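**Q** need a structure here:
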Amino acid sequence: MVAALLYGEDDGLVRERAGRLARAVVEDISDPFRVADVSLAALKDEPSRLLDEMAAMSLTGGRRLVRLERAGNAQSGTIEAVLDDPAITPDGSFLVVTAGSMAPRDSLRKLFEGHDRGAAIPCYQDDVRSLEALIHESLGRHGLSVEPSALAYLCDNLGSDRQISRSELEKLALYKGRNGGAITLAEAEANVGDGAPQARDDVALATASGDQAALDKALQKCRIAGEQPITILRAVIRHLQRLHLISLKAARGDDIGRLIKSHRPPIFFKHQAIVRRQIQNWRPRRLAQALAILTEAELDCKTTGLPADAICGRALIRIANAARPPSRG
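**A** Reported below is the predicted structural model:
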């Protein structure tokens, strides 16, 4: 293998894994004789630059590392030439390419997935289990644990970017100090969260409750915080998925209150009564239909070229209008 592509919507996780891979190739990534960074601008002006850097020999011995950040489909041909060149050997230079979110049909992703001298490493946003593990691992290094209510809050306010999550947890640990013990909800609220995650939660809760006034207010908060429509849609999708899972279990006879209290990640205690009412108002089939609307809206945001804000707002209004207790009889 002579190259790897790290891609995904979690920029922090992309950078973290790219850094680990880089240090596996070169012990000191600040060594200018063994590390070369090729910019997209330089590659545009000099298309052969990437191949030249890969073919260069280290003056001090050892493997060389070549990095290309924020690549896209436009660089597929240039990178393919590197992968196909027999002069680039597995014990020579190693190419680390980073990119943002990529669809399965994107040429750059397909190139790395299909080439026997390359590897594609997806970097998705932390799911429930990985985020909880990250919280426990980061705080545990400082001899700290976390109360359930604080864990629920942290799960709601972290996870969109791995490096930001780590930074926020380090700040929280520093605030707590070296006395050990458990992080409380008050301490978590005082140190973590910039308002955007809370705004996304407010959008999700308002949408599922059918509260149009609260939805308008929460969307305005999201826009002020710079939240993207797809990020908002995914927050609502996660919330409805949670409702769907609990409602399916409740339909089999499980106690709703127990399901809410035992749900992972923990549901923020201030939201538990709202979630209970929403589960009572929605049925699994209607939640599945709402999830289909949101998934279609996310796809439309990516592919149609229409204003993403309008697509997002229209989908949320449709669901909010449908969020009423089912008729009896």
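
**Q** shouldn't Gln185 be in contact with Ala150?
**A** Quick fix: residue 185 reads Leu, not Gln. Yes: between Leu185 and Ala150 there is a contact at 4.7 Å, judged by C-beta atoms under 8 Å. C-beta coordinates here come from the backbone N, C-alpha and C atoms, glycine included.

**Q** Which one's more surrounded, the two?
**A** Set side by side, Leu185 and Ala150 show more neighbours around Ala150, with 24 against 19, by other C-beta atoms under 10 Å.

**Q** what's the model's confidence in the helix or strand harbouring Gly313, averaged?
**A** Per DSSP states H and E, Gly313 falls inside helix 308-322. Averaged over helix 308-322, pLDDT sits at 95.

**Q** helices and strands around that helix, which ones?
**A** With contacts defined as 3 or more C-beta pairs under 8 Å, 6 or more residues apart in numbering; DSSP states H and E, the packing partners of helix 308-322 are helix 196-209, helix 212-224, helix 229-251, helix 284-303.

**Q** If you count neighbours, what's buried in the third one?
**A** What it means is helix 229-251. 229-240, 242-244, 246-247, 249-250 (16 or more other C-beta atoms under 10 Å).

**Q** tell me the helices in the stretch 1-150 of the chain, going along the chain?
**A** 11-25, 40-45, 49-55, 76-84, 107-114, 128-140, 148-157 (DSSP state H, counting those that start in this stretch).

**Q** need those helices in CSV with distance to Arg314 and mean pLDDT, can you?
**A** CSV is the format used below for the helices of the stretch 1-150 of the chain (distance: least, C-beta to C-beta, whole Å; pLDDT from 0 to 100):
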stretch, distance to Arg314, mean pLDDT
helix 11-25, 28, 93
helix 40-45, 35, 92
helix 49-55, 43, 96
helix 76-84, 35, 97
helix 107-114, 30, 97
helix 128-140, 29, 90
helix 148-157, 26, 85
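
**Q** which of the ones you listed sits most buried?
**A** helix 148-157 (a mean of 23; mean count of other C-beta atoms under 10 Å).

**Q** Between helix 229-251 and it, find me the angle.
**A** For helix 148-157 against helix 229-251, the angle by axes from the mean of the first three to the mean of the last three C-alpha atoms, to 10 degrees is 140 degrees.

**Q** Check which element follows helix 148-157 along the chain.
**A** Next element after helix 148-157 (DSSP H and E): helix 162-176.

**Q** one step back: now render the helices of the stretch 1-150 of the chain as TSV, adding distance to Arg70.
**A** Formatted as TSV, those follow (distance: least, C-beta to C-beta, whole Å):
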stretch	distance to Arg70
helix 11-25	10
helix 40-45	6
helix 49-55	14
helix 76-84	13
helix 107-114	11
helix 128-140	24
helix 148-157	27
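
**Q** for the ones you listed, which one sits closest to Glu296?
**A** helix 107-114 (22.9 Å; C-beta to C-beta).

**Q** Centre of the chain to the closest one, how far?
**A** Its chain's average C-alpha position is 21 Å from that of helix 107-114, according to C-alpha atoms, centre = their mean, to the nearest Å.

**Q** returning to that earlier point: between the helices and strands packed on helix 308-322, which one is nearest to Ile274?
**A** helix 196-209 (5.7 Å).

**Q** by how many degrees do that closest one and helix 284-303 diverge?
**A** Going by the same axes, to 10 degrees, helix 196-209 makes 130 degrees with helix 284-303.

**Q** Who are the packing partners of helix 196-209?
**A** By 3+ C-beta pairs under 8 Å, 6+ apart, helix 196-209 packs against helix 148-157, helix 212-224, helix 229-251, helix 272-281, helix 308-322.

**Q** and the host helix or strand of Lys261, what's its mean pLDDT?
**A** Assigned by DSSP H and E, Lys261 belongs to helix 256-262. In this model, helix 256-262 carries a mean pLDDT of 89.

**Q** So what touches it?
**A** Outside helix 256-262, the residues that touch it by C-beta atoms under 8 Å, 6 or more residues apart in numbering are 246, 249-250, 267, 272, 275-276, 279-280.
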